[in-house]
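Asks: I would like to see how this sequence folds:
(chains A and B)
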There are 2 protein chains.
Amino acid sequence: MSTAAGIPEASADSGAARAMERVRRARVWLSRAVEPGSGAVYRFVADLGPVEAVRRIRAGIAPAEVDRAAAGRRHVDEVDADLANAERGGIRLLVPEDDEWPAYALLRMESATGRGVPDLAPPLALWVRGTVRLDELVERAVAVVGTRAPTQYGRAIGKDLAHQLAARDWTVVSGGALGIDTEAHRGALSAGGRTVAIIAGGLDAPYPRDNLQLFERVAEAGLLVSEWPPGTAPQRHRFLLRNRLIAGLVLGAVVVEAGARSGASNTARRAQELGVPVMALPGPVTSAMSVGCHHLIRAGGARLVTNTMEIVEEIGRLGDDLAERPRAAETLLDRLDPVSRRVLDGLPPSGRARPEEIARAAGAEVLTVMRCLPALELLGLVTSHHGAWAIAARPPTPPPTAHTPEPQPPTAVTERP
Amino acid sequence: MSTAAGIPEASADSGAARAMERVRRARVWLSRAVEPGSGAVYRFVADLGPVEAVRRIRAGIAPAEVDRAAAGRRHVDEVDADLANAERGGIRLLVPEDDEWPAYALLRMESATGRGVPDLAPPLALWVRGTVRLDELVERAVAVVGTRAPTQYGRAIGKDLAHQLAARDWTVVSGGALGIDTEAHRGALSAGGRTVAIIAGGLDAPYPRDNLQLFERVAEAGLLVSEWPPGTAPQRHRFLLRNRLIAGLVLGAVVVEAGARSGASNTARRAQELGVPVMALPGPVTSAMSVGCHHLIRAGGARLVTNTMEIVEEIGRLGDDLAERPRAAETLLDRLDPVSRRVLDGLPPSGRARPEEIARAAGAEVLTVMRCLPALELLGLVTSHHGAWAIAARPPTPPPTAHTPEPQPPTAVTERP
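Replies: Presented below is the predicted three-dimensional model:
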C-alpha cells in the first residue's frame, strides 16, 4: 500500500481508509487521463463514483463521449509516479471526497453543467501547493485578471485594487500570468493578504517560469492550484480550461485591462455563464489595453467599476438579488445537479438517516452522499444532527439583507460658465 | 413703426405683417422680462398668444405664478433698445411664429413640460447670430460637452470626436465654455462642419470673453444662440437654463470629461429627462475629470462610448426603438402639449380647414395654430393641401428601419499563457 502524498495511513477504521485511498488513486488517474471541463465525464464519475468510472474507462466500456475524452490515455497508468512527484514537490492532492474540497463554491459549476452549459464541469481533482485550506480561501474570493501586456496604468491599478481587496479580507484569485495577474498576486501579498494562483499545467514547474519566485510567495500566503498532475505541460487549450476554474471559484471577477482578444475576456465570459458578477475597469479610449474592458461594459457583460468599494458593493449585490426573489429556494432546487437531487430524494420524508442509509435509498456511493450533504446543508435544504441527516423543515428563507442604495449620479450643480 | 432687426416691412398683406410685428415685439419683451424655462409662463403664452399674455402680465392681471416669473421686470420696456442693439450686433430675433423656428426639435421640451417636468419649457424667443438656419442646423445635431478644466486626454478626444461627427454631417452643439466645449466647437470647425454655441447671456458680449475669436468663427459656420437679449449678463442660474436648451436641441448628448460636480452632468440629466440618449467617454479611474462620466455610466444614465461610430449608432437607436413600438403613434398623441392637442381637436373629423377656421374651432390664436400645424404634420398627424389642413388618414406607421446589430463582446481567444 502506497503512502504517497496526502493519503492517510490505515487507522482505526482501516476499511474506510482503504476505500478512500482507492477513490483518491482513481481521481489521480482521471486527472492525467482526462482533460477537465467535460460534463459527460463529470456526470459519469459522479454517477458511478470514481473507482467504478475509472474501471469502465480503462476496460473500454464507458459511453462513447466519455471514452473519447480519455482518448489516447486510456492505457497510461502513472498514478504512483504522479503521487510520488507530488510528494517530492510539496504538492497535495485534493478530491471532492475531502473536507477541504470547495464544494460550496463549485455549486455554480455543477449547476451550469446541469443546465448543459458546455465545458464548465467542476474539477475531478485538484493539485495544490500551500498550507491554507482551499475551501476557506474561496469563501470570500474575487478574481482580478487582465492582459499579459498591461500599460503602466493597468499595472498600478491592478496591484492597488488587489492590495485593497486583500486588506479587506478578500482572497485574490488570478492566473499567475505575467502582467495584470502578476500585479494582482503581488498586490494581495503586499497587503499581507491571501491569494490563489490557478495554474495551467503541473505545479512542479508552474508556468510562467519568470514567476517562480512569486509562486513561492503565493504558496506561503495562499495556494497554487492546478487540475493537472505534476509534469503536465501548459498547453494552449489548458489556459481556457484554467480560466473556467478561476471564474468558478470566485464571487466576482474584475477585468483590469484587456485587449480586444484577451484571455481575460474569456474568463469574463465563463463568469457570466456561471452567473458570477463581472466587473471591468475603464481606461483611456485611446488605450488598446482598455478595448476589451470597454467592450464588456458596452455589451452589458460587465459593470464599470473604478475602486474597491464599488467592487465589494457589486459582489454584495448577489445577496441583495436573492433577497428580492421570493422563489429563490425553488430555483435553487431546480438547479441542483442530478446527483445532489438524488441524494436529497434519498433522505426520508420525515425523521433522520445516516449517510449509508441515504446512499442505499438514493442508489449512490456513500462517499458521494457524504460529499453532497454538506453542500445541501449550506443551501439550507437539509440539516444534520450528530451525523444523521434530515430534510430541512421548510425551504430556506433568505435572511433580510440591508439593501445597498444605488450610487447617485453626481448631484446638483451650481455653476457652469 | 419700427424697422428694427428682423421685422419685415409692411407688404401686400400689411395686416398680417403688423400682427406679426406685434407678436415679435411681445416676445422681445418676454425675453427680457421673464427667465426662460418656466412651464407656467410657457403655457400662459401658448394659450393666450404672446400679445395678450404680455398685456396681462404688464397689467398685473396674470396668474400668480406667471406674475412671480416677471417679478421686478414688469414695468421695464426696452423692446426698442433691445431690437436696436441686436441689429447693431448682427443679431437676429427668432420666434416660434417664424419658419426657421426649430419646432420639431423642441417637441421633446414641449412634451416634457406637458408631463410636468419642471424648468424644461421651450424658449419663448431666441436671439441668434449667423446666417445658417437654426431649424436646419438642429435636424442632425449632437451635443458634445464637458468640464472647463479638462485633461490633455479630454481635450484631444473631445476635439477629435467633434471633428469626426461634423465630418459626417452632424451639427456639433455645445456651450461655448472654455475646456471641452471649446474643443468641441474647434473640432467641428476644423472639419469644415457646422456647430452651434448656446450662450448664457447676451450675444453682444458672449461669455467667456476669451472665446471671442472662436465665437466669430462659430457664427460664420453655424450659429450663436441665446435666450437672452443683448446686454444680459451671464448670471449663474442662466448656465443651468442654457444647459437645458443644449439638451433640448439635440438627438444625443456626449459627455467627454466631467468632474464629480460638473455642469456637463447637469446637461446629461436634462437630456435624460427629455429622453435624449446620453453618452459618456470613459477615462482613467485615476482621473478626477472622468469621475462624472464614470458615475453617469454606472448609474445607468449614460452609455459608455469610445468612438464616433458608437455615438452615431447610439443616436440611431432612437429610430430603432420607435420601430419596435407598434403603439408609438398613440404615445405621441398622448404626449402632445395641451395647445397642440387643442389645435388637433380643432380640425374637422373629415375634410379640410384653413388655419383661421381651426383657430375658431380650437379657441386659439391663428398664429398659435400656424405654429402648431407644421409640427403636427412632421409627426404625421395632419396633412396639408394648398394651405388647408386635414386629419391624417391614419396614424403614422414608422418606416421599417434596418436594425443595427449589437456590438459583440470580444470574440474567442486562442491563448492566454
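
Asks: from here on, just use CA atoms for contacts and neighbour counts.
Replies: Fine.

Asks: bridging residues for residue A:173?
Replies: Residue A:173 has these beta-bridge partners by DSSP bridges: residue A:143, residue A:196.

Asks: from residue B:188, how far out is it?
Replies: Separation of residue A:173 from residue B:188 (C-alpha to C-alpha, to the nearest Å) stands at 47 Å.

Asks: which one's more surrounded, those two?
Replies: residue A:173 (32 against 29; other C-alpha atoms under 10 Å in any protein chain shown).

Asks: the more buried one: what's it in contact with?
Replies: When contacts are counted by C-alpha atoms under 8 Å, 6 or more residues apart in numbering or on different chains, residue A:173 touches A:141, A:142, A:143, A:144, A:185, A:195, A:196, A:197, A:198, A:246, A:250.

Asks: wait, what's in contact with the most centrally placed residue in chain A?
Replies: Centroid-nearest residue in chain A, with C-alpha atoms, centre = their mean: residue A:249, separated by 2.9 Å. Applying C-alpha under 8 Å, 6+ apart to residue A:249 gives the contacts A:105, A:106, A:138, A:141.

Asks: likewise residue A:192?
Replies: By C-alpha under 8 Å, 6+ apart, the neighbours of residue A:192 are A:166, A:167, A:221.

Asks: can you pick the most crowded of those residues?
Replies: For the contacts of residue A:192, counting by other C-alpha under 10 Å, the largest number of neighbours falls to residue A:166: 25 neighbours.

Asks: which residues touch residue A:233?
Replies: A:200, A:201, A:202.

Asks: neighbour count added to the contacts of residue A:173, as TSV?
Replies: Shown next, in TSV, are these (neighbours: other C-alpha atoms under 10 Å in any protein chain shown):
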residue	neighbour count
A:141	26
A:142	30
A:143	32
A:144	32
A:185	34
A:195	32
A:196	32
A:197	29
A:198	25
A:246	29
A:250	27
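
Asks: out of the residues you listed, who's nearest chain B?
Replies: Of all the contacts of residue A:173, residue A:198 has the smallest distance to chain B: 11.7 Å, by C-alpha to the nearest C-alpha.

Asks: now do the phi/psi pair for the closest one.
Replies: Dihedral angles of residue A:198 (phi, psi; degrees, to the nearest 10) stand at phi -100, psi 120.

Asks: that one contacts residue A:176, doesn't it?
Replies: Yes. Between residue A:198 and residue A:176 there is a contact under C-alpha atoms under 8 Å: 6.7 Å.

Asks: so which residues on the stretch 101-250 of chain A come close to chain B?
Replies: Proximity of the stretch 101-250 of chain A to chain B (C-alpha under 8 Å from any C-alpha of the partner chain) is limited to residues A:153, A:177, A:207, A:208, A:234, A:236, A:237, A:239, A:240.

Asks: so residue A:298 makes contact with residue B:300?
Replies: No. Residue A:298 lies out of contact with residue B:300 (C-alpha under 8 Å); the separation is 11.3 Å.

Asks: so who does the closest residue to residue A:285 other than its chain neighbours touch?
Replies: Spatial nearest neighbour of residue A:285, chain neighbours left out: residue B:306 (5.4 Å); criterion: C-alpha to C-alpha, 6 or more residues apart in numbering or on different chains. Residue B:306 makes contact with A:285, A:294, B:281, B:282, according to C-alpha under 8 Å, 6+ apart.

Asks: what do you get for residue A:206?
Replies: A:199, A:200, A:212, A:215 are the contacts of residue A:206 under C-alpha under 8 Å, 6+ apart.

Asks: of those residues, grab the buried ones for PyMOL.
Replies: Buried residues among these (16 or more other C-alpha atoms under 10 Å in any protein chain shown), as a PyMOL selection:
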select buried, chain A and resi 199+200+215
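
Asks: tell me the two of the contacts of residue A:206 that are most distant?
Replies: Maximum pairwise distance among the contacts of residue A:206 (C-alpha to C-alpha): 14.1 Å, between A:200 and A:212.

Asks: ok so, going back, check the secondary structure at the residue nearest to residue A:285 for me.
Replies: Using DSSP: H, G, I helix; E, B strand; the rest coil, the structure places residue B:306 in coil.

Asks: and the contacts of residue A:249, which of them are in strands?
Replies: Residues from the contacts of residue A:249 lying in strands, with DSSP state E as the criterion: residue A:141.

Asks: could you identify the most distant pair in the contacts of residue A:249?
Replies: By the measure C-alpha to C-alpha, A:106 and A:141 form the most distant pair in the contacts of residue A:249, at 12.4 Å.

Asks: going by distance to residue A:391, which of the contacts of residue A:192 wins?
Replies: residue A:166 (37.5 Å).

Asks: identify the residues contacting the closest one.
Replies: By C-alpha under 8 Å, 6+ apart, the neighbours of residue A:166 are A:172, A:187, A:188, A:189, A:191, A:192, A:193, A:194, A:195.

Asks: how about residue A:200?
Replies: A:206, A:207, A:226, A:227, A:228, A:233, A:234, A:235, A:238, A:239, A:241, A:242.

Asks: show me just the buried residues among those residues.
Replies: Neighbour counting over those (16+ other C-alpha under 10 Å) leaves A:206, A:207, A:226, A:227, A:228, A:233, A:234, A:238, A:239, A:241, A:242 as the buried ones.

Asks: now compare those and name the two farthest from each other.
Replies: Largest separation among those by C-alpha to C-alpha: A:206 and A:241, giving 15.6 Å.

Asks: just for chain A, where's the confidence low?
Replies: Chain A contains residues with pLDDT under 70 at A:1-12, A:317-338, A:367, A:378-379, A:386, A:393-417.

Asks: from the contacts of residue A:173, pick the one nearest residue A:42.
Replies: residue A:246 (18.1 Å).

Asks: against chain B, how distant is residue A:348?
Replies: 47 Å (C-alpha to the nearest C-alpha, to the nearest Å).

Asks: am I right that that residue falls within a strand?
Replies: No. Residue A:348 sits outside any strand when classified using three-state DSSP, being coil.

Asks: next, give phi and psi for it.
Replies: phi -70, psi 150.

Asks: number of residues surrounding it?
Replies: Other residues within reach of residue A:348, judged by other C-alpha under 10 Å, total 15.

Asks: how about the one 4 residues further on?
Replies: The local packing count at residue A:352 equals 18, with neighbours defined by other C-alpha under 10 Å.

Asks: name the element the residue of the stretch 51-200 of chain A found nearest chain B belongs to?
Replies: Nearest residue of the stretch 51-200 of chain A to chain B (C-alpha to the nearest C-alpha) works out as residue A:177 at 6.3 Å. Taking DSSP states H and E as the criterion, no element holds residue A:177; it sits outside all helices and strands.

Asks: surely it and residue A:209 touch.
Replies: No. In this structure residue A:177 lies outside contact range of residue A:209 using C-alpha under 8 Å: 9.8 Å.

Asks: between those two, who's got more neighbours?
Replies: residue A:177 (26 against 12).

Asks: contact partners for that one?
Replies: Contacts of residue A:177 by C-alpha under 8 Å, 6+ apart are A:148, A:207, A:208, A:211, B:417.

Asks: backbone phi and psi for it, please?
Replies: Taking degrees, to the nearest 10 as the convention, residue A:177 sits at phi -70, psi 170.

Asks: can I see the domain layout of chain A?
Replies: Domains of chain A are assigned by automatic domain parsing as A:14-77, A:126-322, A:328-391.

Asks: stretch A:60-74: end-to-end distance?
Replies: 8 Å.

Asks: who in the stretch 251-400 of chain A is up against chain B?
Replies: So the stretch 251-400 of chain A meets chain B at A:260-263, A:265-266, A:281-285, A:292, A:294-299, A:301, A:303-307 (C-alpha under 8 Å from any C-alpha).

Asks: strands of chain A, residue ranges please.
Replies: According to DSSP E, the strands that chain A contains are A:91-94, A:126-129, A:141-145, A:171-174, A:195-199, A:223-226, A:252-255, A:278-280, A:303-304, A:382-385, A:388-391.

Asks: okay if I get those as CSV plus distance to residue B:30?
Replies: Shown next, in CSV, are these (distance: least, C-alpha to C-alpha, whole Å):
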stretch, distance to residue B:30
strand A:91-94, 81
strand A:126-129, 78
strand A:141-145, 59
strand A:171-174, 64
strand A:195-199, 68
strand A:223-226, 74
strand A:252-255, 55
strand A:278-280, 51
strand A:303-304, 46
strand A:382-385, 75
strand A:388-391, 77
